[in-house]
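Enquirer: Okay, predicted coordinates and the sequence, questions at the end:
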Amino acid sequence: MTQRTLVLIKPDAVRRGLVGEVLSRFEAKGLAIVAMEHRTIDAALADAHYAEHVEKDFYPPLRDFVTSGPLVSLVLEGDEAVDVVRAINGATDGRKAAPGTIRGDLSLSNRENLVHGSDSPVSAQREIALWFPSL
Ligand code: CMP
């Protein structure tokens, strides 16, 4: 079934010049970019996006990280896009993510893990409404 999912190319990827590398992996897979924006977000958007994590110990440094510089937010569309993007991204911790995935190939961190992908169709709907209210 065709789905849309929210992807963030996080500030570490932008700083490291990996936006093109990351985008090309999604495009090569056949996913369509239906919206894309380069922006620096404030703490309020970070808190809303990561609402399920705001009380966790790892959240304060995560908030500092995601607000530390520009990121690229995008909506991707394609068959089973939610799960396909999560497979391309790899496991959360770059040290454990499988080779061949974005995190497995390019990240050594649990926090600075280059990308975010919505974890379910329900999350995708919420996150797309938050980041791209006009869609
Ligand atoms: P993401 O897919 O954006 O979803 C939640 C984010 O929290 C995750 O990627 C990581 O960037 C971060 N994260 C998750 N678990 C940890 C952790 N144990 N320590 C630090 N950061 C984490």
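Expert: Alright, I've got the coordinates. Worth saying up front: this structure is predicted, and the values here are computed from it rather than measured. Numbers count the residues shown, from 1 in each chain.
Enquirer: Near the ligand, which residues of this protein are found?
Expert: Proximity of the chain to the ligand (Cβ under 6 Å from any ligand atom) is limited to residues 53, 58, 62, 92, 110, 111, 113, 116. Where you see a C-beta, it was placed from the backbone N, CA and C, and this is true even at glycine.
Enquirer: In terms of helices and strands, where is the fourth one?
Expert: When elements are assigned from DSSP states H and E, residue 92 belongs to no helix and no strand.
Enquirer: Which one of the residues of the chain next to the ligand sits in the busiest neighbourhood?
Expert: Within those, most neighbours by other Cβ atoms under 10 Å means residue 113, with 24 neighbours.
Enquirer: okay but that residue is in contact with residue 94, surely?
Expert: Yes: Residue 113 lies in contact with residue 94 (Cβ atoms under 8 Å); the separation is 5.1 Å.
Enquirer: what about the strands in this protein?
Expert: Taking DSSP state E, the strands of the chain run over residues 2-9, 32-39, 71-79, 115-117.
Enquirer: OK, contacts around residue 99?
Expert: The contact partners of residue 99, taken as Cβ atoms under 8 Å, 6 or more residues apart in numbering, are residue 105.
Enquirer: let me redo that: residue 94
Expert: Counted by Cβ under 8 Å, 6+ apart, residue 94 has contacts 103, 104, 106, 107, 108, 109, 110, 112, 113, 114.
Enquirer: follow-up on the earlier one: can you add pLDDT and give the residues of the chain next to the ligand back as TSV?
Expert: TSV is the format used below for the residues of the chain next to the ligand (pLDDT from 0 to 100):
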residue	pLDDT
53	97
58	97
62	98
92	98
110	97
111	98
113	98
116	98
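Enquirer: any idea which residue sits dead centre in the chain?
Expert: residue 116 (2.0 Å; Cα atoms, centre = their mean).
Enquirer: For that one, list each beta-bridge partner.
Expert: Residue 116 has these beta-bridge partners by DSSP bridges: residue 8.
Enquirer: is it true that it touches residue 12?
Expert: No: with contacts counted by Cβ under 8 Å, residue 116 stays clear of residue 12, the gap being 11.5 Å.
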